[in-house]
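# sequence first, predicted model second:
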Amino acid sequence: MDARPQPARDDAPAPLDFGGAVLVVVAEIPSGRVMTYGDVAAALGSRGARAVGRVMAGEGSSLPWWRVVRADARPPAGHEAAALEHYERESTPLRWRGPRGEPDAYRLDLAACRWAPEGVG
């Protein structure tokens, strides 16, 4: 058996960095389901919920960004109205706390809609 280092194969995929891995996890969240920023980090073996938020803020606009929520079940900050349209279209379970139109009027029902990738949790 040859123990010398082998050259990298040209057809081997490059390993993902943290940001790329976040985007892969978020892209897999099914319609009507959500993960918290901390859940996404944990799925990657990290405790970096804020780092997940930074990735989503900078690179997540082409993904289902509304499916990544805060730990207290609130939608992404500053995007409550736009997220609500997505949640209603996807029939994501919500809990109402106030009148419609108020930015803080609802929370996601995490017990009903929280999702974890297979093999995690």
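Looks like it came in fine. Numbers count the residues shown, from 1 in each chain.
# got the end-to-end distance for stretch 47-67?
Length of stretch 47-67, first residue to last, Cα to Cα, to the nearest Å: 19 Å.
# touching it from outside, list them.
18-19, 22-23, 26-27, 29, 31, 33-38, 40-41, 68, 71, 75-76, 79, 82-83, 86-87 (Cβ atoms under 8 Å, 6 or more residues apart in numbering). Backbone N, C-alpha and C define where each C-beta goes, glycine included.
# switch to 7 Å and redo it
18-19, 22-23, 26-27, 29, 33-35, 37-38, 40-41, 68, 75-76, 83, 86-87 (Cβ atoms under 7 Å, 6 or more residues apart in numbering).
# then stretch 98-114?
Contacts for stretch 98-114 (Cβ under 7 Å, 6+ apart): 32-35, 69, 73-74, 80, 84, 92-97.
# buried subset of the residues you listed, written for PyMOL?
With 16 or more other Cβ atoms under 10 Å as the criterion, this PyMOL line picks the buried residues out of the contacts of stretch 98-114:
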select buried, resi 32+33+34+35+69+73+74+80+84+92+94
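# out of the contacts of stretch 98-114, name the ones that lie in strands.
In this view, the contacts of stretch 98-114 that belong to strands under DSSP state E are 35, 69, 94-96.
# any idea how far the most centrally placed residue in the chain lies from Val22?
In the chain, the C-alpha nearest the mean C-alpha coordinate belongs to Val68, at 3.7 Å (Cα atoms, centre = their mean). Using Cβ to Cβ, to the nearest Å, Val68 is found at 9 Å from Val22.
# overlap in contacts of those two?
Val40.
# can you show me the helices along this structure?
Applying DSSP state H to the chain gives helices spanning 18-28, 37-43, 49-59, 80-90, 110-113.
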